[in-house]
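Student: Generate a structure from the sequence data that follows.
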Amino acid sequence: MTIKEAQQAVDQWIQSYGVRYFNELTNMAVLTEEVGELARVISRRYGEQSWKPTDPRREDNGQQALGEEMADVFWVLLCLANQTGVDLTEQLRRSIEKKTRRDACRHQENKKLQPASASSESSKSTEKSK
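Tutor: Just a heads-up that it's a prediction; the model follows:
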């Protein structure tokens with residue numbers, strides 16, 4: 001499914017089952033809620049927080065919930081795009097172009113992103129020169 005097809009599928013679902021789109025401010029609040037739910041799964045799966053003993057997502061360490069929450073975020077983002085007339089395919093293309101122009105060398109030159117061995121070698125040579 002392409003992004004355009006996803007936008008169309010969400011719009012068709014809203015027309016068939018959802019009665020109408022929530023207004024933009026409500027959908028922004030819903031998007032924030034969904035991002036929070038995704039953050040909760042990520043903080044427990046990859047972070048330092050633990051699952052409550054009664055949480056069923058604990059069984060697979062949130063693997064299924066991770067995808068479900070990402071899809072929920074994407075759903076609301078598609079709703080917002082539809083109701084505001086944004087073509088997400090075109091905007092993503094433009095965003096990739098912008099980031100490519102702006103950041104062509106930025107991340108490759110960022111010492112914080114270098115492999116540990118390269119950065120530790122760099123810090124050793126810096127310390128020797130002091």
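
Student: separation between residue 87 and residue 36?
Tutor: 27 Å (C-beta to C-beta, to the nearest Å). Placement of C-beta: from N, CA and C, glycine included.

Student: Could you do residue 88 as well?
Tutor: From residue 88 to residue 36 the distance is 22 Å (C-beta to C-beta).

Student: Which of the two has more residues huddled nearby?
Tutor: Set residue 88 next to residue 36 and count neighbours by other C-beta atoms under 10 Å: residue 88 wins out with 19 against 11.

Student: how about that one, what does it touch?
Tutor: Contact analysis of residue 88 by C-beta atoms under 8 Å, 6 or more residues apart in numbering lists 3-4, 7, 77-78, 81.

Student: Which of those residues are buried? Put it as a ChimeraX command.
Tutor: Here is the ChimeraX command that selects the buried residues among the contacts of residue 88 (16 or more other C-beta atoms under 10 Å):
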select :3,7,77,78,81
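
Student: would you list the contacts of residue 88 in a markdown table and tack on pLDDT?
Tutor: Converted to a markdown table, the contacts of residue 88 look like this (pLDDT from 0 to 100):
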| residue | pLDDT |
| --- | --- |
| 3 | 98 |
| 4 | 98 |
| 7 | 98 |
| 77 | 98 |
| 78 | 98 |
| 81 | 98 |
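
Student: Counting only helices, which of the contacts of residue 88 make the cut?
Tutor: Counting by DSSP state H, the contacts of residue 88 place 3-4, 7, 77-78, 81 in helices.

Student: Mind picking the one among those that's closest to residue 42?
Tutor: Residue 42 has its nearest neighbour among the ones in helices among the contacts of residue 88 in residue 77, at 17.2 Å by C-beta to C-beta.
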